[in-house]
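Peer 1: for reference, the sequence and a predicted model appear below.
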Amino acid sequence: MFRWVDTHCHLQLDGREPALLLERARDVRHVVVPGIDLATSRAARVLASLHPERVAFAAGLHPHDSARWSDQRRELVPLMNEASAIGETGLDFYRNLSPRSAQMESFVSHHRLAVDLDKPLIVHCRDAFREVYDVLDRKGAGPWVVLHCWTGGPRWSRRFLDLGVSFSFAGPVTFETGDTVRRGAAVVPPDRALVETDTPYLAPVPHRGEPNEPANVALVGQALARVWGMDAGEVARLTTSRAAKLFGLRGCTDNGSPTAPVGDRIRSPVGETAAVEGANDRRPGCSPK
């Protein structure tokens, strides 16, 4: 059986019983549950404590709520110390539910904390490809930066590749309208990729429009296998290996032995950037958060 890691799964935002969703996801070895504010980061920590063999958590403040960063930072930082990753953070210039200046301040602060704590950074990017790129180019990037629900086309995928980041693909790679996502995925080396569901949002075809769940992550991996012309089992192996190293997950190797401990996660310096012209690619689908 192929074993996957769902690297972005908001079980705490789903009204269904998390234990049931985990039970249905029998081919999913681990899920990473990111917070989007203080309350949901705490809830993610509770889920990780209840299911320590399968759930890792991240703590952070979503760009929609960036205006609350100064109020929530003091209590979020201790959670970040405990978490496997920092986030979900980033920039959302599509909905603009927080002022852009507040989003930028929160994003840069999350980035600094990820560097200081030596933890992966989970980045939301919607209609802000250039701005997210500029922050990472200036402040530093590498495999520890995870571009969540990546929907950039070939142009932006190549630019971010030069920064050394990890690309996490979700349901939009399966959508009829997802040709830009698939063309972007085609230029990403499979060993630089991750898979996710963004549960309960963005269910992949043929479940589009339904509440998403971790069991559907294999459909994302299968779509990537078609893009790359390779076996889905190999996609599972490569994406699971990368997720295990990034998030310090244990028990993900083929022989069941522990993966590298958290302190030994892969990291790299920023690579050289390539000059590419053009405006931001439009995303074919994105969760409402």
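Peer 2: Alright, I've got the coordinates. Being a predicted model, the structure only gives us computed values, none of them experimental.

Peer 1: ok, and what's touching the lengthiest helix in the chain?
Peer 2: As assigned by DSSP state H, the longest helix anywhere in the chain is helix 100-117. With C-beta atoms under 8 Å, 6 or more residues apart in numbering as the test, helix 100-117 has contacts from 60-61, 63, 66-67, 69, 73, 77, 80-81, 85-87, 89-93, 98, 120-121, 123, 131-132, 135-136, 139-140, 144. In this view, the C-beta of every residue, glycine as well, is placed from N, C-alpha and C.

Peer 1: and the next element down the chain from that helix?
Peer 2: Using DSSP states H and E, the helix or strand that follows helix 100-117 in sequence is strand 121-126.

Peer 1: give me the average confidence score over that following strand.
Peer 2: For strand 121-126, mean pLDDT is 98.

Peer 1: thinking again about what came up before, show the buried residues in the contacts of helix 100-117.
Peer 2: 60-61, 63, 66-67, 69, 73, 80, 85-87, 89-93, 98, 120-121, 123, 131-132, 135-136, 140, 144 (16 or more other C-beta atoms under 10 Å).

Peer 1: now intersect the residues you listed with the helices, please.
Peer 2: The helices, defined by DSSP H, take in 69, 73, 80, 131-132, 135-136 from the buried ones among the contacts of helix 100-117.

Peer 1: where does the protein dip in pLDDT?
Peer 2: 1, 253-289 (pLDDT under 70).

Peer 1: from Val55, how far out is the residue nearest in space to the middle of it?
Peer 2: With distances taken as C-alpha atoms, centre = their mean, the residue of the chain nearest its centroid is His148 (3.3 Å). According to C-beta to C-beta, to the nearest Å, His148 stands 17 Å off from Val55.

Peer 1: again with Asp137
Peer 2: Separation of Asp137 from Val55 (C-beta to C-beta): 33 Å.

Peer 1: returning to what we had before: could you check the angle strand 121-126 makes with the longest helix of the chain?
Peer 2: Relative orientation of helix 100-117 versus strand 121-126 (axes from the mean of the first three to the mean of the last three C-alpha atoms, to 10 degrees): 160 degrees.

Peer 1: buried ones in helix 100-117, by neighbour count?
Peer 2: In helix 100-117, the ones that count as buried by 16+ other C-beta under 10 Å are 102-107, 109-111, 113-114.

Peer 1: one more: stretch 40-47?
Peer 2: In stretch 40-47, counting by 16+ other C-beta under 10 Å, buried: 40-45, 47.

Peer 1: got the CA coordinates for that stretch in CSV?
Peer 2: Listed next in CSV are the C-alpha coordinates belonging to stretch 40-47 (Å, rounded to 0.1, in the frame of the first residue of the first chain):
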residue,chain,number,x,y,z
THR,A,40,-7.2,27.0,15.9
SER,A,41,-3.4,26.6,16.6
ARG,A,42,-4.4,25.4,20.1
ALA,A,43,-7.0,23.1,18.7
ALA,A,44,-4.3,21.7,16.3
ARG,A,45,-2.0,21.0,19.3
VAL,A,46,-4.8,19.1,21.0
LEU,A,47,-5.3,16.9,18.0
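
Peer 1: contacting residues around it?
Peer 2: Residues from elsewhere that reach stretch 40-47, judged by C-beta under 8 Å, 6+ apart: 10-13, 18, 33-35, 55, 57-60, 76, 79, 82-83.

Peer 1: in helices only, show me the residues you listed.
Peer 2: 18, 76, 79, 82.

Peer 1: I'd assumed Ala58 was in contact with the third one.
Peer 2: Pointing back at Leu79 there. No: judged on C-beta atoms under 8 Å, Leu79 makes no contact with Ala58 at a distance of 9.2 Å.
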